[in-house]
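Undergrad: sequence unknown, structure follows:
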């Protein structure tokens, strides 16, 4: 029987390889020509939220409870031409909510039952020039790399920007 590994030994994954994680952070800002209360509502109102914050793909399931200790769960099947379908899962939990001002939450993103990353997100809403300055700060830990690990952070940042690009349209009356 082998003695236990010393406390300072790195954790390992299947096959005995050392587990590696990467930490990163980014901030995206947007000026929106609507009041902070309306922007805040785009986060709280589930039908409005689904217009701008949705998983890609088909076979979408969705549940959202906007409250501290509530959260959002979504899943979908995403297929690119020439690739096998991927099962996507998103699960969040709200940690702090200040109406019309701040939302802090955590979430995990899973692809094919593997947790790819976990994040802490802070959304700040500040009145600015007859509208709102939205500041989205995300601190991510990448737990399982994609085939191209150097693309993981740019992909996450790009997906966030894409979602926020859809926010102004969601704020307009349908």
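TA: Nice, I can see it. None of the values given here were measured: they were computed from a predicted structure.

Undergrad: How about the residue nearest in space to the middle of the chain, nearest residue that isn't a chain neighbour?
TA: Centroid-nearest residue in the chain: residue 107, 5.9 Å away (criterion: CA atoms, centre = their mean). Nearest residue to residue 107 in three dimensions, chain neighbours excluded: residue 92, at 3.7 Å (CB to CB, 6 or more residues apart in numbering). Placement of C-beta: from N, CA and C, glycine included.

Undergrad: just how off-centre is whichever strand or helix holds the one you found within its chain?
TA: Following DSSP states H and E, one finds residue 92 within strand 86-98. The chain centroid and the centroid of strand 86-98 are separated by 7 Å under CA atoms, centre = their mean, to the nearest Å.

Undergrad: Check which helices and strands it is in contact with.
TA: strand 72-78, strand 102-111 (3 or more CB pairs under 8 Å, 6 or more residues apart in numbering; DSSP states H and E).

Undergrad: The longest strand along the chain: what's the following helix or strand?
TA: Counting by DSSP state E, the longest strand found in the chain is strand 114-128. Next helix or strand after strand 114-128 toward the C-terminus (DSSP H and E): strand 131-142.

Undergrad: now for that following strand, which elements pack on it?
TA: strand 22-32, helix 36-44, strand 114-128, helix 152-171.

Undergrad: Include mean pLDDT, distance to residue 67 and mean neighbour count when you put those into TSV, please.
TA: Below are these laid out as TSV (pLDDT from 0 to 100; distance: least, CB to CB, whole Å; neighbours: other CB atoms under 10 Å):
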stretch	mean pLDDT	distance to residue 67	mean neighbour count
strand 22-32	96	24	14
helix 36-44	96	9	18
strand 114-128	97	15	17
helix 152-171	92	21	15
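
Undergrad: Stretch 93-107: end-to-end distance?
TA: For stretch 93-107, the separation between the terminal residues is 6 Å (CA to CA, to the nearest Å).
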